[in-house]
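Enquirer: only geometry, no sequence info:
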């Protein structure tokens with residue numbers, strides 16, 4: 001059986017073309033979105049990766065008691081990454097939860113961060129005592 005070089009090269013080119021189209025999609029499909037949040041100097045910074053490209057992401061942050069302390073939206077770049085920040089006003093100690101949901105991809109992820117450190121309770125200062133001054137004594 002004789003193989004024609006022209007057909008072999010055409011088949012190889014077709015295979016390489018299909019592989020170049022399919023493999024990147026498999027890699028990006030296997031990379032789940034990620035979400036992280038940090039608190040520094042009263043500012044919460046939230047970053048997300050691998051959401052949909054040019055997608056609006058809805059964000060909601062809840063306090064340790066479950067109440068919502070912030071909500072907003074962020075726009076992803078062409079790679080599906082975004083950054084969002086806000087000031088944590090009157091934060092209390094405990095674990096906060098950030099929820100992010102992509103409007104077009106439907107991706108939904110959450111993460112947590114630690115709130116501000118607890119302020120130590122003031123210590124009681126002992127009350128001054130009235131101590132009479134020493135009485136002078138005469139020496140002979």
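Expert: Done, it's in. What you see is a predicted model, and the numbers here were worked out from it, not measured in a lab.

Enquirer: show me where the protein has strands.
Expert: For the chain, the strands defined by DSSP state E occupy 34-40, 43-49, 56-62, 68-75, 82-87, 95-102, 108-114.

Enquirer: now the first one: buried residues?
Expert: Across strand 34-40, burial judged by 16 or more other CB atoms under 10 Å covers 35, 37. Just so you know, the C-beta spots here come from the backbone N, C-alpha and C atoms, and that holds for glycine as well.

Enquirer: do the shortest one as well
Expert: In terms of neighbour count (16+ other CB under 10 Å), strand 82-87 has its buried residues at 82, 84, 86.

Enquirer: how about stretch 52-60?
Expert: So stretch 52-60, judged by 16+ other CB under 10 Å, has buried residues 52, 55, 57, 59.

Enquirer: try stretch 69-76
Expert: For stretch 69-76, a neighbour-count test (16+ other CB under 10 Å) marks 69-70, 74, 76 as buried.

Enquirer: for those, which one is nearest residue 33?
Expert: Sorting the buried residues of stretch 69-76 by how near they are to residue 33, with CB to CB, puts residue 76 at the top with 9.7 Å.

Enquirer: who are the contact partners of that closest one?
Expert: For residue 76, the contacting residues are 48, 51-57, 82, 102, by CB atoms under 8 Å, 6 or more residues apart in numbering.

Enquirer: mind redoing it with 10 Å?
Expert: In this structure, residue 76 makes contact with 33, 48-57, 82-83, 102, 104-105, judged by CB atoms under 10 Å, 6 or more residues apart in numbering.
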